[in-house]
Every structure is written in C-alpha cells, then in structure tokens.
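[1] quick one, what's the 3D model for this:
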Amino acid sequence: MNAHVNANCISCGLCVSTCPSVFFITDGGTAAAQRDIPPETEDQVQEAANACPVSAIEIR
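    Residues are numbered from 1 along each chain as shown. Alright, predicted model coming up:
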C-alpha cells in the first residue's frame with residue numbers, strides 16, 4: 001500500500017490524529033505520508049483517507 005496527500009489538503013490534521021505513525025505535517029503546513037506503509041497500519045490509513053474532508057489522501 002502506498003498513500004499520497006495531494007494539493008487539496010487543508011491541513012486539518014485529521015489524518016495525523018487518525019494514524020500518526022504514517023501521516024505528518026510538513027514544514028509547509030500540509031500533511032504528507034511516509035513512503036513505506038507498514039501492513040499493520042493499512043486499516044488506519046484507509047480510515048484516514050475515508051475521513052478526509054477534502055479527499056486529499058490517495059491510496060494506491
């Protein structure tokens with residue numbers, strides 16, 4: 001699984017609070033995701049993507 005936070009991000013922090021081991025806030029103020037997502041966090045990553053208010057999380 002791979003996740004990407006696109007330019008729609010509004011920096012609400014929901015993804016970070018849902019799955020802090022994968023998502024983080026960049027110095028620019030928007031969210032980003034680690035490149036390698038551990039299999040044990042895939043459910044949390046999917047939950048963060050589903051909950052994102054602007055659908056900024058793309059899962060591949």
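
[2] backbone phi and psi for residue 57, please?
    For residue 57, the backbone dihedrals (degrees, to the nearest 10) come out as phi -100, psi 120.

[3] and it, what are its bridge partners?
    On the basis of DSSP bridges, residue 57 is bridged to residue 5.

[4] report the rounded mean pLDDT for stretch 46-60.
    Across stretch 46-60, pLDDT averages out at 97.

[5] first-to-last residue distance for that stretch?
    This stretch, stretch 46-60, spans 11 Å end to end (CA to CA, to the nearest Å).

[6] over to stretch 45-58?
    Terminal-residue distance, stretch 45-58 (CA to CA): 10 Å.

[7] for it, buried residues please.
    Applying a neighbour-count criterion of 16 or more other CB atoms under 10 Å, one finds 45-46, 48-49, 52, 56-57 buried in stretch 45-58. Where C-beta positions appear, they are placed from N, C-alpha and C, glycine not excepted.

[8] in these, find the pair that's most separated.
    With distance counted by CB to CB, no two of the buried residues of stretch 45-58 lie farther apart than 46 and 56, which are 14.2 Å apart.

[9] perfect, I'm done here.
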